[in-house]
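# What would the 3D arrangement of this be:
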Amino acid sequence: MELNSQDTDNQEQSDVNSQESEDTINNISDEFDEESTDSADQDETLEEKEEDEKLDHVADIAIDILDSILQYFNLGETTIDEYEGDEGELILDITGDDLAILIGRHGRTLDALQFLVSSLTSRQLGYRFPVVVDVEGYKDRQRTKLEKIAYRAADKAIEQDRNIKLHPMNPYERRLVHIALRDYDGVYTQSEGQGTNRHVVVFVDHKEETE
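Residues are numbered from 1 along each chain as shown. Predicted coordinates for the structure are as follows:
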């Protein structure tokens with residue numbers, strides 16, 4: 001199917017907007033790196049806090065950081081909902097009008113936004129804590145899609161008795177695949193490759209057959 005000139009112009013404008021939003025994230029990262037940030041008490045461990053208090057403390061810091069970043073975008077009124085994920089991670093879901101600029105092409109801007117928020121939050125906390133930034137459930141839909149891909153790959157590996165290599169994924173996507181298949185009978189997963197070519201391989205677990 002041929003694209004008319006209007007479709008081509010719309011695609012080009014979409015690419016420009018996506019690139020501009022990614023550039024904005026990079027510029028914000030540079031500005032934060034130049035500012036001094038007070039770290040939390042390094043001797044404080046996760047075990048010393050009650051789980052609810054810990055999550056609230058992390059959420060307060062992460063939301064403040066995310067709010068300050070969103071000021072760089074002309075988004076209008078937005079809301080940040082916080083909740084705990086299935087794996088104990090903090091999920092911040094942004095809702096509002098016309099937030100496509102925060103997602104970007106293939107979710108690249110959102111990935112960059114999550115990396116920046118997670119890094120700055122860990123810096124202030126003094127320890128690493130998993131933080132997921134979502135936009136109107138985009139990543140929740142992405143998770144469902146990746147789980148289906150993982151299950152199909154596992155079934156195919158078992159049926160054909162061979163290892164299945166999935167397409168390259170970012171760290172967040174690979175983690176979702178590992179979680180989806182960690183209790184799946186007959187297979188196990190490992191990440192292989194370097195950089196942008198890093199991917200998940202679904203291996204047939206022959207040990208289970210001998211037990």
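
# where's the spatially most central residue of the chain relative to Val204, distance?
Central residue of the chain (Cα atoms, centre = their mean): Tyr172, 4.5 Å from the mean position. Going from Tyr172 to Val204 by Cβ to Cβ, to the nearest Å gives 26 Å. Glycine gets a C-beta too; all of them are placed from N, C-alpha and C.

# One more: Met169?
Taken as Cβ to Cβ, the span from Met169 to Val204 is 20 Å.

# Spell out the residue ranges of the strands in the protein.
78-84, 90-96, 131-135, 164-165, 187-192, 199-204 (DSSP state E).

# My read is that Asn190 contacts Asp205, right?
Wrong residue type there; residue 190 is Gln, not Asn. No: the criterion here is Cβ atoms under 8 Å, and Gln190 misses it with Asp205 at 11.5 Å.

# Which one of the two is surrounded by more residues?
Ranked by neighbour count (other Cβ atoms under 10 Å), Gln190 and Asp205 place Asp205 first, with 16 against 12.

# Tyr184 is in contact with that one, correct?
No: using Cβ under 8 Å, Asp205 is not in contact with Tyr184, being 9.1 Å away.

# Highest mean neighbour count out of the strands of the chain?
strand 131-135 (a mean of 23; mean count of other Cβ atoms under 10 Å).

# Distance to Ile103 and mean pLDDT added to the strands of the chain, as JSON lines?
Compiled in JSON lines, the strands of the chain are given as follows (distance: least, Cβ to Cβ, whole Å; pLDDT from 0 to 100):
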{"stretch": "strand 78-84", "distance to Ile103": "13", "mean pLDDT": "91"}
{"stretch": "strand 90-96", "distance to Ile103": "10", "mean pLDDT": "92"}
{"stretch": "strand 131-135", "distance to Ile103": "5", "mean pLDDT": "93"}
{"stretch": "strand 164-165", "distance to Ile103": "27", "mean pLDDT": "96"}
{"stretch": "strand 187-192", "distance to Ile103": "25", "mean pLDDT": "95"}
{"stretch": "strand 199-204", "distance to Ile103": "22", "mean pLDDT": "96"}
